[in-house]
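Undergrad: Show me the folded form of this:
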Amino acid sequence: MSNVTTAPGASPPSALSSARTRRFAIGAIGVAALAFGVIAFGNIGKNLVYYWGPTELRAAGDKAVGATIRLGGQVAKDSVKFDGGSHLEFDVADGKAAVHVMSSGVPPQMFRSERPWALMMPYSAR
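TA: Just a heads-up that it's a prediction; the model follows:
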């Protein structure tokens, strides 16, 4: 026999705990569904930055013009031209295609030919 007493009309402790857990689970699923809806239908794609290699960039053609992308690949051998100031030109290759890059910023100190790099930039075809 149990020594636990409950007030008349009160639920036993295990039933109260189970109802609380069920409400919490339903609320958590609701919040997750709302977050998924905001991500899926909230035009978040306009704010994404894509990681492309030279092959994908060439394949995209005019669709890539004006988009902000991350360009990744290997700096092609003997392609780096730096005037000592802030004008830098080089080619980025991925083994299938190459893209010529012109930059007006000072390159990172570790920037060297034949090393892998990832750049984030708006793309403009010239």
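Undergrad: same for the lowest-mean-pLDDT helix or strand in the chain, what does it pack against?
TA: Within the chain, no helix or strand scores below strand 116-122, which has a mean of 70 by mean pLDDT, DSSP states H and E. Contacts defined by 3 or more Cβ pairs under 8 Å, 6 or more residues apart in numbering; DSSP states H and E place strand 116-122 against strand 68-75, strand 98-103. Quick note: C-beta positions are derived from backbone N, CA and C, even for glycine.
Undergrad: What pairs with that strand, parallel or antiparallel?
TA: strand 68-75 (antiparallel) (DSSP bridges).
Undergrad: Using neighbour counts, pick out the buried residues of the partner strand.
TA: For strand 68-75, the neighbour count (16 or more other Cβ atoms under 10 Å) marks Ile69, Leu71, Gly72, Gly73, Gln74, Val75 as buried.
Undergrad: which among the residues you listed gets closest to Trp117?
TA: Val75 (5.7 Å; Cβ to Cβ).
Undergrad: what residues are up against that closest one?
TA: Contact analysis of Val75 by Cβ atoms under 8 Å, 6 or more residues apart in numbering lists Phe90, Asp91, Val92, Ala93, Phe111, Arg112, Ser113, Glu114, Arg115, Pro116, Trp117.
Undergrad: contacting residues for the fifth one?
TA: What that stands for is Phe111. Going by Cβ under 8 Å, 6+ apart, Phe111 touches Val75, Val80, Leu88, Trp117.
Undergrad: Run through who's touching stretch 60-73.
TA: Counting by Cβ under 8 Å, 6+ apart, 49-54, 57, 92-94, 99, 101, 116-125 sit against stretch 60-73.
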